[in-house]
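*Asks:* only geometry, no sequence info:
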Ligand code: AOF
Ligand code: ZN
């Protein structure tokens, strides 16, 4: 039996099993959009007898896989689900009915489904069938798992994350930390979990800049490349087909577009004036739940989009990487620095609502 059973030192309670559901759900990170990531665990007599997660929109839901896995053992068991079981016929039949049919005794739910066609009707349906239902276990963890789905479901708009790197004295930097791009690094993970990424065309010039998630079998987001007048030649590094073809070039109407290398399958769109709102509108029509605005390459390419984004509240989240360098530069009190000074053993702490960094020279 390969199912992961609790270790002796684990505190076994409802929270434990919901966290296991979240862990299972995350196996499909990047693949479920516009659906949520959901995990389900069936527990009987203190033993996990079934596990499942929702692998992809259009495929069966987490509960169906977990119930299949448990077989007859689901009878009188407790089903843990990170999201309220659905109660509607979508691309797949209602999970409430599957749970009732399998005769589970209890259902423990992480969070209610914000989808208006589900919204607590799943809970009610289970209760009406005589099943004991608990709602809101590890709710924060479950909400953060599906922050993009929740925002998209409630507003109809994609969840937008702004990301940038800066030096210790707060200057925007082009580079990323080396670990950031590696498998398991935060940047590689961000790429995998977003449906699209907006980037400057100058970020495409170098192969090392080209944003690819290094997670095994990762979802690669659509790369939306901003083409500014000054750089109308786009050089796309030679990459594997499946990566290079997911490219959309956004330009202003009168700009001629030339591309090099692997330009097949590259889509392009032009606007009178390129605006973040128009780009997000396009993403919305593609059914995207999440978009990353990545400030790499020439930061000045983003000036207008950033202004618009902040003025119109288009950003939901910010991810900032602080690199351990002091770089000087024109507007810095450290402008006399002509060498990069690197700090060692950087650590971060939360102090009230600030993040405190400590490093050593
Ligand atoms: C669940 N378990 O694993 C997921 C749920 O088109 P469908 O049939 O896939 O339905 C999509 C909706 O079902 C989705 O918007 C969300 O409300 C819910 N997702 N529900 O019980 C799951 N993925
Ligand atoms: Zn379902």
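*Replies:* Yep, that arrived. Everything numeric in this text was worked out from a predicted model, so none of it was measured. Ligands and ions are numbered 1, 2, ... in the order given.
*Asks:* mind checking how far the helix or strand encompassing residue 23 is from the chain centre?
*Replies:* If you go by DSSP states H and E, residue 23 is part of helix 14-25. Centroid displacement of helix 14-25 relative to its chain, using CA atoms, centre = their mean, to the nearest Å, is 18 Å.
*Asks:* For it, name the packing helices and strands.
*Replies:* strand 39-44, strand 47-53, helix 62-70, strand 78-83, strand 106-111, helix 139-145 (3 or more CB pairs under 8 Å, 6 or more residues apart in numbering; DSSP states H and E). Bear in mind the C-beta positions are built from the backbone N, C-alpha and C, glycine included.
*Asks:* and the angle for that helix with strand 78-83?
*Replies:* For helix 14-25 against strand 78-83, the angle by axes from the mean of the first three to the mean of the last three CA atoms, to 10 degrees is 60 degrees.
*Asks:* Return the residues of the protein in contact with ligand 2.
*Replies:* 61, 86, 95 (CB under 5 Å from the ion).
*Asks:* ranking those by neighbours, who comes first?
*Replies:* Using other CB atoms under 10 Å as the neighbour test, these are led by residue 95, with 31 neighbours.
*Asks:* ok now do that one, which residues does it touch?
*Replies:* Neighbouring residues of residue 95 by CB atoms under 8 Å, 6 or more residues apart in numbering: 61-64, 81, 85-87, 122.
*Asks:* now with 7 Å?
*Replies:* Residues near residue 95 by CB atoms under 7 Å, 6 or more residues apart in numbering: 61, 63-64, 85-86.
*Asks:* Now the element after the strand or helix carrying residue 198, going C-ward?
*Replies:* For residue 198, the host element (DSSP H and E) is strand 196-200. Using DSSP H and E, the helix or strand that follows strand 196-200 in sequence is strand 222-226.
*Asks:* tilt between that next one and strand 196-200?
*Replies:* Going by the same axes, to 10 degrees, strand 222-226 makes 30 degrees with strand 196-200.
*Asks:* roughly how far is strand 222-226 from the heart of the chain?
*Replies:* 17 Å.
*Asks:* Backbone dihedrals for residue 183, please?
*Replies:* Here the main-chain torsion angles of residue 183 (degrees, to the nearest 10) amount to phi -60, psi 130.
*Asks:* looking at the helices and strands packed on helix 14-25, which is buried most?
*Replies:* For the helices and strands packed on helix 14-25, the largest average neighbour count (mean count of other CB atoms under 10 Å) is found in strand 78-83, namely a mean of 30.
*Asks:* what about the stretch 251-361 of the chain, any weak spots by pLDDT?
*Replies:* For the stretch 251-361 of the chain, the stretches with pLDDT under 70 are 254-265, 331-332, 337-338.
*Asks:* from it, which residue is nearest to ligand 2?
*Replies:* The stretch 251-361 of the chain approaches ligand 2 most closely through residue 289 (17.5 Å), counting by CB to the ion.
*Asks:* these two touch, right, that residue and residue 150?
*Replies:* No: the pair residue 289 / residue 150 is not scored as a contact, 9.3 Å apart, by CB atoms under 7 Å.
*Asks:* what about those two, which has more around it?
*Replies:* Higher neighbour count among residue 289 and residue 150: residue 289, with 26 against 21, using other CB under 10 Å.
*Asks:* For residue 37, see how far away the more buried one is.
*Replies:* From residue 289 across to residue 37, the span is 11 Å (CB to CB, to the nearest Å).
*Asks:* coming back round to it: quick one: closest of the helices and strands packed on helix 14-25 to residue 219.
*Replies:* Among the helices and strands packed on helix 14-25, the nearest to residue 219 by CB to CB is strand 47-53 (14.9 Å).
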